[in-house]
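In: compute the structure for the input listed below.
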Amino acid sequence: MAVLEDVRSLGTELERSYPVYVRGRLKFRVKQIVYVAFSLDERVMGFAFPREERAALVASDPRKFQLPGESDLRFNWVQADLAALDPAEARELVVDAWRMVVPLKVARVYDLAHPAGPGRA
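Out: The predicted structure follows:
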């Protein structure tokens, strides 16, 4: 079961990423682009995800993943129930969302420094 603390450090450690609070909700941004956001109760994590792949992700495990609210369907966005994710999976989702908003060369440097995956040396 993942919790916010499993991914909070990534939001500050990933290059160009920084945390912000908007109306009490923690969000991670690169410049002004939000790539991860948590619900007020910190049970749901919304994250950037390719729009053309999100229906397949939600269908793969509807207990874990849901489409965003109707007003956010126009964005590359999916939601996940944190309690249904394991910590490693949650970290991977955060890093993959971050990759969508940084230049490819920045993502490559991260991948070279973390060949075993997010949160591992």
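
In: how about the helices in this structure?
Out: Applying DSSP state H to the chain gives helices spanning 5-13, 51-60, 87-99, 104-113.

In: got a list of what the residue nearest the centre of the chain touches?
Out: Note on the chain: the residue nearest the mean C-alpha position is residue 94, at 3.1 Å, using C-alpha atoms, centre = their mean. With contact set as C-beta atoms under 8 Å, 6 or more residues apart in numbering, residue 94 has these partners: 7, 10, 11, 14, 28, 36, 45, 47, 118. Every residue, glycine included, has its C-beta placed from N, CA and C.

In: ok, back up a step: could you identify which of the helices of the chain is most buried?
Out: helix 87-99 (a mean of 20; mean count of other C-beta atoms under 10 Å).

In: how far is that one from where the chain is centred?
Out: With C-alpha atoms, centre = their mean, to the nearest Å as the basis, helix 87-99 stands 5 Å off its chain's centre.

In: hey, C-alpha coordinates of it in CSV?
Out: The C-alpha coordinates for helix 87-99 follow below in CSV (Å, rounded to 0.1, in the frame of the first residue of the first chain):
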residue,chain,number,x,y,z
PRO,A,87,5.3,2.0,-3.2
ALA,A,88,7.6,1.1,-6.1
GLU,A,89,4.7,1.3,-8.5
ALA,A,90,3.7,4.7,-7.2
ARG,A,91,7.3,6.0,-7.6
GLU,A,92,7.4,4.7,-11.2
LEU,A,93,4.1,6.5,-12.0
VAL,A,94,5.5,9.8,-10.6
VAL,A,95,8.8,9.4,-12.6
ASP,A,96,6.9,8.5,-15.8
ALA,A,97,4.6,11.5,-15.4
TRP,A,98,7.7,13.7,-14.8
ARG,A,99,9.3,12.4,-18.0
